[in-house]
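**Q** sequence unknown, structure follows:
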């Protein structure tokens, strides 16, 4: 990884650190994980908003790994873990020019320990790329003209990234088709949408991300939510989809889909519809909790606020 | 809480012909849609108006108002003064500061907006000092940086002030605060205590 030297921190050795490899049972054999769920089935998602109290909106997203029995200590595939914080709407910095719309900025950063190959502290090109993709996805949903003179910052930290292939397959891991990025982007879109809703920024809809892929096995059949370590992916597509308007705000296709590209997009939309059910449920749950809290607070203030409200005579 | 109707962003609330557009909603294809998540509020139109208006649908903001708008009462702190204006940073929204801003918003009180009467005789230095806590109302979104505020009402003006010696002062008249320990009086645009 070509990276500029970071002079502000104590840097780790350039080769990165590798986790210890424990000897497994002699009869243990590493087997490539196999997809056990249906082609049109999504992995289970955990999504919760309001996890960072200091931010105006925040959310945490996790995809649980498939719990296939394994004989080694190292899990056969990683699980995706993303946190998102939204700061804003807040006033623009002093040197910024006037803007009658909300200025949306997105930052995506992998934690240094997020992937098997250690990441740097400075954002690299793939992270900046993800940030741009995410910004396009969100720009289409946020109603910017309700927030004049203010900015909104969406900061995403990927705590555990999706792998690009099966880790034990050395050349596949090295091949780095960066298929894992597609899953990360879909997760980023969903978690950012939840965090923005939590912050109370006006949106035309909830945007959810979905991934679909064409795989070499099953003679080119499309699968929803491909786990890169389980498949030999030929082409993949991410969409940011608004279900209630039937609109796509962001699309990223990779690989050679040939004539199947349209079906691939349709599948990605299907995956986005599946993630949206989780997203809507999480946002609703958080709103219900907030209403409960505010009504409690209202009761308290009505109890305490009924103090003496005598008018004070002033002279002068 | 017996389950109020909660809307999610993008949820269709009804046809725009039979409903009035309230806050937290937007129009899409002649349909009224929610744009934030929160309980749906339906306000009945007043019966006194001759034209029978449609009920107004709005979504109440669970986070409270996020930005100051024209007409919002705010609490803020004076950051600097000069003969023409006083700079202030808005710290909380609402007459009693119900919603505390996460980031202070920069704002300006111009000399002519300090008092309702004799506005040409107002002196900024005799109305505000740096560090005063002021209740004011937003009169305009202002220029690229600052909101414009006004204190031209009885209940608006300085609510808390510290004397030159650093003691908390109490209001003694419409235009004076007094330091109780030294007895010194300082000129301010005093807000009527509420």
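**A** Here it is on my side, so go on. Quick caveat: nothing in here was measured; it's all calculated off a predicted structure.
**Q** and chain B, which residues reach chain A?
**A** When proximity is defined as Cβ under 8 Å from any Cβ of the partner chain, chain B approaches chain A at B:1, B:4, B:6, B:8-12, B:24, B:26, B:28, B:33, B:35-39, B:61-63, B:66-67, B:102-106, B:141, B:143-145, B:171-176, B:190, B:192-193. All C-beta spots, glycine's among them, are computed from the backbone N, C-alpha and C.
**Q** continuing past the longest strand anywhere in chain B, what's the next helix or strand?
**A** Secondary structure of chain B per DSSP state E: the longest strand is strand B:99-110. Downstream of strand B:99-110, the next assigned helix or strand under DSSP states H and E is strand B:133-140.
**Q** parallel or antiparallel, list what pairs with whichever helix or strand comes after that following strand.
**A** Remark: after strand B:133-140, the chain's next helix or strand is strand B:147-150, criterion DSSP H and E. Paired strands of strand B:147-150, with direction, are strand B:99-110 (parallel), strand B:133-140 (antiparallel) (DSSP bridges).
**Q** what does strand B:147-150 contact?
**A** Residues from elsewhere that reach strand B:147-150 (Cβ atoms under 8 Å, 6 or more residues apart in numbering or on different chains): B:68, B:74, B:76, B:88, B:90, B:105-110, B:113-114, B:136-142, B:156.
**Q** stretch B:89-105 too?
**A** Contact partners of stretch B:89-105, identified using Cβ under 8 Å, 6+ apart, comprise A:56, A:87, A:90-91, B:64-65, B:67-68, B:72-77, B:79, B:106-107, B:135, B:147, B:149, B:194.
**Q** quick one on the thing from earlier: give me the buried subset of the contacts of strand B:147-150.
**A** Buried members of the contacts of strand B:147-150, scored by 16 or more other Cβ atoms under 10 Å in any protein chain shown, are B:68, B:74, B:76, B:88, B:90, B:105-110, B:113-114, B:136-139, B:141-142, B:156.
**Q** I figured residue A:180 was touching residue A:228, is that so?
**A** Yes. Look at residue A:180 against residue A:228 with Cβ atoms under 8 Å: they come within range, at 5.3 Å.
**Q** find residues that contact each of those two.
**A** Residues touching both residue A:180 and residue A:228 (Cβ under 8 Å, 6+ apart): A:162-164.
**Q** now, which of those residues sits nearest chain B?
**A** Checking those against chain B with Cβ to the nearest Cβ, the nearest one is residue A:162 at 27.0 Å.
**Q** the closest one contacts residue A:185, correct?
**A** No. Residue A:162 sits out of contact with residue A:185 when judged by Cβ under 8 Å, with a separation of 9.8 Å.
**Q** list the buried residues in stretch A:39-50.
**A** Going by 16+ other Cβ under 10 Å, stretch A:39-50 has these buried residues: A:39, A:42-43, A:45, A:47-50.
**Q** of those residues, which ones also sit close to chain B?
**A** Of the residues in the buried residues of stretch A:39-50, proximity to chain B by Cβ under 8 Å from any Cβ holds for none.
**Q** wait, which of those residues is closest to residue A:19?
**A** In terms of Cβ to Cβ, no member of the buried residues of stretch A:39-50 lies closer to residue A:19 than residue A:43, at 23.6 Å.
**Q** now the closest one: how far from residue A:162?
**A** Remark: distance between residue A:43 and residue A:162 (Cβ to Cβ, to the nearest Å) = 11 Å.
**Q** mind listing the shared neighbours of the two?
**A** Here residue A:43 and residue A:162 share the contacting residues residue A:227, scored by Cβ under 8 Å, 6+ apart.
**Q** any low-confidence regions in the stretch 201-316 of chain A?
**A** A:218-220, A:296-316 (pLDDT under 70).
**Q** can you rerun that using 90?
**A** A:215-222, A:227-234, A:255-260, A:288-316 (pLDDT under 90).
**Q** can you list the residues of it near chain B?
**A** Taking Cβ under 8 Å from any Cβ, the part of the stretch 201-316 of chain A that reaches chain B is made up of A:201-206, A:242-245, A:280, A:283-284, A:286-288, A:290-292, A:294-295, A:312, A:314-316.
**Q** let's go with 6 Å and repeat that
**A** Contacts of the stretch 201-316 of chain A with chain B, taken as Cβ under 6 Å from any Cβ of the partner chain, map to A:202-203, A:205-206, A:244, A:280, A:283-284, A:287, A:290, A:292, A:295, A:312, A:315-316.
**Q** wait, which of those is closest to residue B:84?
**A** Checking these one by one against residue B:84 (Cβ to Cβ), the nearest turns out to be residue A:316, at 25.9 Å.
**Q** where along the stretch 201-316 of chain A do the helices fall?
**A** A:261-305 (DSSP state H, counting those that start in this stretch).
**Q** contacts for the helix-or-strand element of chain B with minimal mean pLDDT?
**A** Counting by mean pLDDT, DSSP states H and E, chain B has its least confident helix or strand at strand B:20-21, which shows a mean of 82. When contacts are defined by Cβ atoms under 6 Å, 6 or more residues apart in numbering or on different chains, strand B:20-21 is touched by residues B:54, B:56.
**Q** average pLDDT for the helix or strand that that strand is followed by?
**A** Using DSSP H and E, the helix or strand that follows strand B:20-21 in sequence is strand B:25-28. Mean pLDDT, strand B:25-28: 89.
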